[in-house]
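1. Sequence first, predicted coordinates after that:
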Amino acid sequence: MSSRVRVYLGCSLDGCIAGPDHDISFLHEFAPEPGEEPAGLSFTDFIEDVGALLMGRRTYQVPLDYDAWHYGDRPVLVATHRELPPAPQGGTAWAVQGPIEDLIAQAKDAAGDKDVYLDGGDLVRQGLDAGLVDELCLTFLPVVLGRGIRLWDGLTARTDLVFDAPTRHPGGMVQIRARVWKR
């Protein structure tokens, strides 16, 4: 079985994956209380099927800033032309460059028979426009930011989706899983 390209993101109801100045603090405001079981697809369950990650440079900076490496020993390919700081906590990351088709091919090679986690707004949009994304898992937080980095801004191609039933999380979040319908 060929590996899938999957997206797993949290966003505001108006589609912002970050607020102004790349602020992601709103993503932590609605986290479940200790002891509350998350509904839907948890990040822990999602990442078990992932063999490699492909993300943008700003997205890579987030776990560096928070000293929170959630990827274990999975290879992380970072699309950048800049020098890359080393991954924390024994993680593996390296810089890659090229068109999205080449980057995803490299990530699939690194993932082996497991899935590729595509992360970062610009790369997700490029992957959707190129028809290379297989699945989206979006968790909408109960907030409208009004300004920020919107996931959908800049898309140039239509993407048809098949939705699973939405799942309600503690804290008022709603998770939507959708497979890309490839005509």
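-> Right, received. Where do you want to start? Only a predicted model underlies this, so the values are computations on that prediction, with no experimental measurement involved.
2. can you give me the helices in this protein?
-> Secondary structure of the chain (DSSP state H): helices at 43-48, 57-66, 100-111, 121-129.
3. Now for this protein, the helix or strand with the poorest mean pLDDT.
-> Across the helices and strands of the chain, mean pLDDT, DSSP states H and E gives its lowest value to helix 57-66, namely a mean of 91.
4. Who are the packing partners of it?
-> strand 75-79 (3 or more C-beta pairs under 8 Å, 6 or more residues apart in numbering; DSSP states H and E). Using the backbone N, CA and C atoms, a C-beta is placed for each residue, glycine as well.
5. Flag every buried residue along the least confident helix or strand of the chain.
-> 59-60, 62-64 (16 or more other C-beta atoms under 10 Å).
6. Contacts for that helix, please.
-> Applying C-beta atoms under 8 Å, 6 or more residues apart in numbering, the external contacts of helix 57-66 come out as 22, 24, 69-71, 76, 78-80, 82, 84-85, 88, 93, 119-120, 123.
7. Can you turn the buried subset of those residues into a selection I can paste into PyMOL?
-> The following PyMOL line selects those of the contacts of helix 57-66 that are buried, judged by 16+ other C-beta under 10 Å:
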select buried, resi 24+69+71+76+78+79+80+84+93+119+120+123
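8. Of the buried residues of helix 57-66, just say which sits nearest to V5.
-> Taking C-beta to C-beta as the measure, V5 lies nearest T59 of the buried residues of helix 57-66, at 15.3 Å.
9. Look up how far D115 lies from that closest one.
-> Separation of T59 from D115 (C-beta to C-beta, to the nearest Å) stands at 17 Å.
10. Now do the contacts for the most centrally placed residue in the chain.
-> Residue closest to the average C-alpha location in the chain (C-alpha atoms, centre = their mean): D119, at 3.3 Å. Contact analysis of D119 by C-beta under 8 Å, 6+ apart lists 7-9, 53-56, 59.
11. top of these by neighbour count?
-> L54 (28 neighbours; other C-beta atoms under 10 Å).
12. Return the distance of it relative to D102.
-> According to C-beta to C-beta, L54 stands 11 Å off from D102.
13. for D23, same thing?
-> For D23, the distance to D102 - C-beta to C-beta - is 32 Å.
14. which regions of this structure lie under the pLDDT threshold?
-> For the chain, residues meeting the criterion pLDDT under 70 lie at 1, 35-38.
15. cutoff 80 now
-> 1-2, 31-39, 170, 183 (pLDDT under 80).
16. tell me which of the buried residues of helix 57-66 is nearest to D160?
-> T59 (25.9 Å).
17. How much space separates the closest one from P142?
-> For T59, the distance to P142 equals 23 Å [C-beta to C-beta].
18. Likewise for L128?
-> Taking C-beta to C-beta, one finds L128 at 25 Å from P142.
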